[in-house]
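In: Below is the structure, and that's it, no one-letter string:
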C-alpha cells in the first residue's frame, strides 16, 4: 500500500495591520507554478482580505483557490468552519500542493495548530510552519507592551486593576507559536529601531526562532515555504496564555463596516481615514472605495497614524462599486465619531 504524502500548510499569523495579506499575496504572485490555495479568516462578520486576494489577476490563481471564513475567529470555529473548509480543498480533483492559512489579526495560532490532530485531517495535512508577521514600527513604539510604572500607579488608585492587556496577550501568543518571525515594514525603521524590535521579540520567545526583515511583505517564498516544522507534533514547545480547552473570546474588541461613497481623490479619503484613526480605541481601518473618474479600485489601510493607499485592480464591468471601510478597535470605541470623521 502506498503512503500518501501529507500536504503542507503554512499558518500566517500576526496582529492587525502587520501585513499578513500583503505577504500572502506576494507568495501567490511568486509561486513559480506551484498550486497554492488560501484560507483567509477575518475578525467578525465582515470580509475584506478575501476580496483583496480574490480576482487578483495573478496567473494560476483562481477564485476557487481562495476560501474566506468571515464569521468569527478561526481559532474558535475549528470544527464548524476550518476543518470543513480544509477538507473542501483537499477533496478537489486537483488538490493544492501547498495551503496558506491567514488568520485574523486577533486569532491565537496554537488552537489552530492543535486542530491538525483532528481525525478528519491529521493523515492528510501537516503544519509546514507558523509565520508570525509583526509590524516593526508598532513594536518599536511599544504598542504591545504595558508600562509597568503606569500599571503600578493604576493599581495604587484602584486595587481591582488586573494586568490584562489584550493587545499584549494576543501579540505574545502569536510569537510564542512561531517557527519564523517576519519583521515587516523594516524600511520604516533605522538600525536602532530594528535592534529594539529584535530585543523585544527575543524577550518574548522561550526558544530560538529566526527573524527576517521584509518591506511590503516581499520575501522569497523559499524563506517561508518548506520549513518542514510539523508544528502539530511540537505543541509543548509553543506555550500560550490560553491552555488547552480554555475559553478564548474577543470581548475586548469590536468591528464595524462603514459605507463610503465615491470620493473626489485618494488623498481626500486618506485624510478622512487619518482623522477617524485618531478616535480613541481604534486599532485598524481598511477597505476600498471608488474614486470619481478612475477605472481602478482604491484600497486604503490605516494602522495608528500611518495611512497607506493604492489602486489594486480595475473595477469589473458588473461589479458593485459601493465602497466600505472596516474599522476594528477596542470594545466600546466611539463608532459614531469614526463615521463622522469618515463622512468629512
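Out: Great, that's in hand. Since the model is a prediction, treat every value here as computed from it, not as a measurement. Numbers count the residues shown, from 1 in each chain.

In: Show the contacting residues for the residue nearest to residue 30 when sequence neighbours are not counted.
Out: Counting by CB to CB, 6 or more residues apart in numbering, residue 30 lies nearest to residue 221, which is 5.4 Å off, once chain neighbours are set aside. In short, each C-beta sits where N, CA and C put it, glycine included. Residue 221 is in contact with 27, 30-32, counting by CB atoms under 8 Å, 6 or more residues apart in numbering.

In: where's residue 221 relative to residue 230, distance?
Out: From residue 221 over to residue 230 the distance is 19 Å, taken as CB to CB, to the nearest Å.

In: Ok, residue 332 next?
Out: From residue 332 to residue 230 the distance is 42 Å (CB to CB).

In: which element follows the longest strand anywhere in the chain toward the C-terminus?
Out: Using DSSP state E, we find that the single longest strand of the chain is strand 125-135. Helices and strands here follow DSSP states H and E; after strand 125-135, the next one along the chain is helix 136-140.

In: Next, the distance between the ends of stretch 8-21.
Out: Stretch 8-21 stretches 19 Å from its first residue to its last (CA to CA, to the nearest Å).

In: do stretch 324-338 as well
Out: Distance across stretch 324-338, first residue to last, is 13 Å (CA to CA).

In: So for residue 332 and residue 230, which residue has more residues nearby?
Out: The neighbour comparison of residue 332 against residue 230 (other CB atoms under 10 Å) goes to residue 230, with 15 against 11.

In: What are the phi and psi values at that one?
Out: phi 50, psi 50 (degrees, to the nearest 10).

In: what's the longest strand of the chain packed up against?
Out: Counting contacts by 3 or more CB pairs under 8 Å, 6 or more residues apart in numbering; DSSP states H and E, strand 125-135 is packed against strand 7-13, helix 20-29, helix 109-114, helix 166-176, strand 180-184.

In: What strands line up against the last one, and which way round?
Out: Each strand pairing with strand 180-184, determined using DSSP bridges, is listed with its direction: strand 125-135 (parallel), strand 210-213 (parallel).

In: What of the first one?
Out: Using DSSP bridges, the strands paired with strand 7-13 are strand 98-102 (parallel), strand 125-135 (parallel).

In: Any chance of the ones you listed in TSV with distance to residue 337 and mean pLDDT as columns?
Out: Shown next, in TSV, are the strands paired with strand 7-13 (distance: least, CB to CB, whole Å; pLDDT from 0 to 100):
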stretch	distance to residue 337	mean pLDDT
strand 98-102	30	94
strand 125-135	24	96
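
In: Format those strands as TSV; extra columns: mean neighbour count and distance to residue 234.
Out: What follows is these, written out as TSV (neighbours: other CB atoms under 10 Å; distance: least, CB to CB, whole Å):
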stretch	mean neighbour count	distance to residue 234
strand 98-102	25	17
strand 125-135	26	9
